[in-house]
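Student: Below is the structure, and that's it, no one-letter string:
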């Protein structure tokens, strides 16, 4: 595709007008202020009037199939929500429901400019099918929990994980990657954590884990683990000996920052979900000051309740300021970096997340003609603070247009909505 | 207009499907589950497939012309922002700039479903012109500040206010109302506050005032006013002897709640702006518990930086939970009430804000076919937590369609954007 006369956000987040950007195959091959010779080799021409081209978004923490539970159980305490709503519903999940829930999630993701997600759940192969059908990218993981001391090698979930790594890691031309995942410190015993760490290291795959989401989890860990915080304990188990994404990190403290920095862990902050469950506010400004990698996640739709990524980015900046008590922290450029390049790196996608020649063509187009995008004193400020989620009008992954002006190239919208509703209602009927 | 086979949110926020809603003149005249006889008398028929009809939004606190300063000066402390950006810019404002800035703001408001705004600024007659041209509603006020002890009756701003009340209160068939406004406790002397209170009472108009937005303002007031909080001081001056809207109320305490309750003051909370300026978080749950009227405001675009009202409503619910440390507070229905009926009442528009026969036809249509709106376990949860700002596809005030599917009936979008950009750049060139 050749984007013509378009405003772009370049790899340094500078705004440049009247540019030409050509994609060929899965990559960005041309960025120029002049119309290229042989323009036709890039295929379809996209008129860039009133449009801005920028990197797509990388959602650093999700549980896609939980889209089935959108708005199911609100205004409950975390414990009530889990015990009376989420766990009973999840107990009735099946392959069909997970497939459609994931596909709905991919559709919503594309609408809001998310090209790739770092997902943690189960029913791995059904998630793989849905992601593959959508054309989007995903680091899928089968999260491990172990409440009964089953030896690591005998866990059913470990078998599922290993099958996924063997069958799907690098599938769909690398769009699908399989990560290792420990659900959290408090949901497994130590031999599981250590077994998984060793396995991930051996396979050379990444790690995805929940860390210090709630104060209770953080404090109880210290009681259970000889005064060690979740970060310290997980580090001791080797969980951070491979490149890792630590989701939440709301209650981390002291030495935790040093460990995360030293181990090169990326923190996936989920500001909307943390507010909604009243878990607390992640101190993103402190993470940035400490030089820790920051990425942005939506968490599941069941606790968000949307995948409106521009809303998530704005909320990241807003709550970072209130947490620090300082309006000068978390600049729009920092927030945008976390949502794009920061997220791509968290997924191990080093050739993604930048609008630069040679990078994968994971791109979005924003409609900058809307009243909320004017006047333009600083386009980056407007993108982060003023754009509406659905001002995204085109989403492309690996050079393929997956979403454009309300239409999905790979997904049957009406059928997906219908099947998801049917699956959700079918589960409710069994409760 | 006859909305046909449409899902509605009725006056008790119950969801009813396949309904018929007819507007005639400026009012809702029919709500029925059966197709009416003589359907043609309602005029144009709107097909309600995949659509939800609900009351429009009432923005309880704004400064519309400040749209000119969108994204101008970010990541500054409040003091730096005001002194190096806002005040110098405002010193160069003129009628033309205010007109276009206000019109841009009305356009953005309509896009996001806001039918009426409670605005506080100056250049009153230019704001009136823009609002009148847009067809939207507005409670406009000329906010008073007095730093040099000029007697109330000799203040130029008082003359402007009185002219506005005389010329415009009730204009445009009541769509435009003029409120009295004291900017804040800390920007006027006591004779100004008392003079304004007496004037508002005499004229029978409403009051709009900033209260306890920042901790500094709140604490310094106590030092200045013999230990009295801004609420206590303003009450003593008579400011709350007419129906009043108190914007922000982030730092109110103790007896303040009793005074606001006793005086029937509505609090306009501005959650996004309060986060962005790191002012703090209004305890909306405590206000609701105390039985105080709650409405939602965007504050100015310069500190928000958008009028995405669904985002504001969601943020209200989210920060209310985190402030209380309790995810069960601020139900979606409470948030939605504050944004609709609560806001209409704050503006003295008692025949607005409800989808009920006889009420003014201030209505919006939402597209509920989008992936982020499925599955539907509870439609009200989805509206508050899952809808994107621009899922609003139609906005009607007093029975007139002002916005539909990206098109504005009363406003020339391209011209307004062009003139606003030109006016903003023209001011910058003088700085």
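Tutor: Right, received. Where do you want to start? What you see is a predicted model; the values in this text were computed from it and never measured. Residues are numbered from 1 along each chain as shown, chains lettered A, B, ... in the order given.

Student: When you work out contacts or count neighbours from here on, use the C-alpha atoms and nothing else.
Tutor: Noted.

Student: if I've got this straight, residue A:365 is in a helix?
Tutor: No: Residue A:365 sits outside any helix when classified using DSSP: H, G, I helix; E, B strand; the rest coil, being strand.

Student: Run through the bridge partners of it.
Tutor: Note on residue A:365: beta-bridge partners by DSSP bridges are residue A:53, residue A:394.

Student: For the most centrally placed residue in chain A, give its distance to chain B.
Tutor: Chain A has residue A:59 as the residue nearest its centroid, 1.8 Å off, counting by C-alpha atoms, centre = their mean. Residue A:59 is 16 Å from chain B, where distance means C-alpha to the nearest C-alpha, to the nearest Å.

Student: got a list of what residue A:423 touches?
Tutor: Residues near residue A:423 by C-alpha atoms under 8 Å, 6 or more residues apart in numbering or on different chains: A:68, A:96-97, A:100.

Student: switch the cut-off to 7 Å
Tutor: Counting by C-alpha atoms under 7 Å, 6 or more residues apart in numbering or on different chains, residue A:423 touches residue A:97.

Student: Secondary structure class of residue A:85, three-state.
Tutor: Assigned with three-state DSSP, residue A:85 falls in the helix class.

Student: so it makes contact with residue A:73?
Tutor: Yes: between residue A:85 and residue A:73 there is a contact at 6.3 Å, judged by C-alpha atoms under 7 Å.

Student: chain center to the helix-or-strand element of chain A with minimal mean pLDDT: distance?
Tutor: For chain A, using mean pLDDT, DSSP states H and E, the weakest element among its helices and strands is helix A:78-80, scoring a mean of 85. In terms of C-alpha atoms, centre = their mean, to the nearest Å, the centre of helix A:78-80 is found 24 Å from the chain centre.

Student: mind checking how far residue A:405 is from chain B?
Tutor: Note on residue A:405: its distance to chain B, by C-alpha to the nearest C-alpha, is 12 Å.

Student: mind listing what that residue touches?
Tutor: If you count contacts by C-alpha under 7 Å, 6+ apart, residue A:405 has them with A:393-394.

Student: need the helices for the stretch 301-431 of chain A, in chain order.
Tutor: Applying DSSP state H, counting those that start in this stretch to the stretch 301-431 of chain A gives helices spanning A:309-324, A:332-339, A:341-346, A:379-381, A:413-429.

Student: The third one - what's its average pLDDT?
Tutor: Helix A:341-346 shows an average pLDDT of 98 in the prediction.

Student: Could you name the helices and strands sitting against it?
Tutor: strand A:57-62, strand A:293-296 (3 or more C-alpha pairs under 7 Å, 6 or more residues apart in numbering or on different chains; DSSP states H and E).

Student: Next to chain B, which bits of the stretch 1-150 of chain A? Give me the list.
Tutor: Residues of the stretch 1-150 of chain A lying close to chain B by C-alpha under 7 Å from any C-alpha of the partner chain are A:68, A:70-72, A:75-77, A:104, A:107-108.

Student: from these, which two are the most distant?
Tutor: The largest separation in the residues of the stretch 1-150 of chain A next to chain B, counting by C-alpha to C-alpha, is between A:77 and A:107 at 29.5 Å.

Student: can you list contacts of the least confident helix or strand of chain A?
Tutor: With contact meaning C-alpha under 7 Å, 6+ apart, helix A:78-80 is reached by residue A:277.

Student: Beyond it, next helix or strand please.
Tutor: For helix A:78-80, the succeeding helix or strand toward the C-terminus, using DSSP states H and E, is helix A:87-90.

Student: pLDDT averaged over the next helix or strand after that next one, what's the number?
Tutor: Per DSSP H and E, the first helix or strand lying C-terminal to helix A:87-90 is helix A:95-111. Helix A:95-111 shows a mean pLDDT of 98.

Student: Give me the helices and strands touching whatever helix or strand comes next after helix A:95-111, please.
Tutor: Elements were assigned by DSSP H and E; along the chain past helix A:95-111, the next helix or strand is strand A:114-121. In terms of contacts (3+ C-alpha pairs under 7 Å, 6+ apart), strand A:114-121 is packed against strand A:57-62, strand A:137-144.
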